[in-house]
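Colleague: here is my input, please return the structure:
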Amino acid sequence: MPRGVYERKPRATAFMIDRITHVEVPVHFETDEEIEARLSERFAILEDMIDTVATGDSRSLIISGPAGVGKSHTVMARLHTWGVTEASAVKGFVKATGLFKQLYRHRHPGMVLVLDDADSIFFDDVSLGFLKAVCDTNNSRTVSYLSEGILIDEETAERLPKQFQFNGAIVFITNYDFDDMISRGHRLAPHLQALISRSHYVDLSMKTTRDYIIRIRQAIRAGLLSRLGMDEQGTQDVIDFINTHQGKLREVSLRMAQKIAAVRRQGNANWAKVCEITCCKK
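Modeller: Numbers count the residues shown, from 1 in each chain. Below you'll find the predicted structure:
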């Protein structure tokens, strides 16, 4: 058998020929139950870490995982559970001056700034300097912007100081896999390593379509669709559709499950055909 080729044995365990030693070694393939347990553990740990941010025990948290699996919802819902009303999410493109203003607005203890899919900040040296400052483990975290210009907070018309003490907390929600980018020597690797060194880092460990599908099932069982008014039969129809068409879906995510559910809920007899056209690739 060619080296590096997987061979299925009569047992559940598969084997592979090691490329260096040429010895047959077992390769473990996760069962659905094992994947579900792994994802449940990761999301439980995520909630625990959000709790530490809410209580002020953690200053900085980085959450890495693919889009559309419930990262943002989990963060904001958990913070609100703790009564953290001084939490706001900033999404999309953020310039350094905009980041400085947001950090100033969230500088007091008990405030949490959530940077949600605002990955442009990682490509700006000034922004990275701000982030390293607020994520620092020192008791005093000073953010400085010693430019010649004047910054004004548009909401309060207040002139911002050139530097201030940051005593709030910050949460990064990103699709970037920091560990992978660091191991590959990405040009951002030194900066990402510096942020991980200063922060708690939670990798949701979702790398395959199978992981996404099982995460969707978990969310549906937890009430994702029932909260939208979907009955039991409709919910099962959505799950069956996703299982059948998972290889063709335009996106495997919770958002896609909600899109399919919206069509199914209309009661149209041809709902599945509609979803094939609107939610699947040819």
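Colleague: now the residue most central in space within the chain, nearest residue through space, not along the chain?
Modeller: Centroid check for the chain by C-alpha atoms, centre = their mean gives G65 as the closest residue, at 3.8 Å. Leaving aside its sequence neighbours, G65 sits nearest to L204 (C-beta to C-beta, 6 or more residues apart in numbering; 3.4 Å). For glycine as for every other residue, the C-beta is placed from the backbone atoms N, C-alpha and C.
Colleague: how about E251?
Modeller: G68 (6.4 Å).
Colleague: which residues does that neighbour contact?
Modeller: G68 sits next to E251, V252, S253, L254, R255, M256 when contact means C-beta atoms under 8 Å, 6 or more residues apart in numbering.
Colleague: so it is in which element?
Modeller: Per DSSP states H and E, G68 falls between elements, in no helix or strand.
Colleague: and it, what pLDDT?
Modeller: With respect to pLDDT, G68 has a value of 88.
Colleague: and it, how far from R255?
Modeller: Counting by C-beta to C-beta, to the nearest Å, the gap from G68 to R255 is 5 Å.
Colleague: again, but for M181
Modeller: Taking C-beta to C-beta, one finds M181 at 25 Å from R255.
Colleague: now the helix or strand hosting T235: how far from the chain's centre is it?
Modeller: Secondary structure assigned from DSSP H and E places T235 in helix 232-245. The chain centroid and the centroid of helix 232-245 are separated by 25 Å, computed with C-alpha atoms, centre = their mean, to the nearest Å.
Colleague: does the residue nearest to G65 touch T74 like I think?
Modeller: No. Between L204 and T74 there is no contact under C-beta atoms under 8 Å: 9.7 Å.
Colleague: who's more crowded, those two?
Modeller: Neighbours were counted for L204 and for T74 using other C-beta atoms under 10 Å; L204 has more, 22 against 18.
Colleague: residues touching the more buried one, list them.
Modeller: Contacts of L204 (C-beta under 8 Å, 6+ apart): L39, R42, F43, L46, I63, S64, G65, P66, V69, K71.
Colleague: any regions of this structure where pLDDT drops low?
Modeller: 1-28, 148 (pLDDT under 70).
Colleague: what are the ranges of the strands in the stretch 1-150 of the chain?
Modeller: With strands called from DSSP state E, counting those that start in this stretch, the stretch 1-150 of the chain shows them at 6-8, 14-17, 24-27, 60-64, 87-91, 112-116, 142-144.
Colleague: could you export the fifth one as CSV, CA atoms only?
Modeller: These are the backbone C-alpha positions of strand 87-91, laid out as CSV (Å, rounded to 0.1, in the frame of the first residue of the first chain):
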residue,chain,number,x,y,z
ALA,A,87,-20.7,46.4,27.1
SER,A,88,-20.8,47.3,23.4
ALA,A,89,-19.7,45.5,20.3
VAL,A,90,-17.7,47.2,17.6
LYS,A,91,-17.9,45.4,14.2
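Colleague: distance from the chain centre to that strand, please.
Modeller: 14 Å.
Colleague: tell me what angle that strand forms with strand 112-116.
Modeller: 20 degrees (axes from the mean of the first three to the mean of the last three C-alpha atoms, to 10 degrees).
Colleague: residues contacting strand 87-91, please?
Modeller: Applying C-beta under 8 Å, 6+ apart, the set of residues contacting strand 87-91 from outside is 72, 75-76, 79-80, 98, 102, 106, 111-118.
Colleague: please pick the buried ones from the residues you listed.
Modeller: Taking 16 or more other C-beta atoms under 10 Å as the criterion, what is buried in the contacts of strand 87-91 is 72, 75-76, 79, 102, 106, 111-118.
Colleague: farthest pair in these?
Modeller: M111 and D117 (20.4 Å; C-beta to C-beta).
Colleague: rewinding a little: shared neighbours of L204 and T74, which are they?
Modeller: F43, L46.
Colleague: now stretch 131-138: buried residues?
Modeller: In stretch 131-138, counting by 16+ other C-beta under 10 Å, buried: L131, K132, A133, V134, C135, D136.
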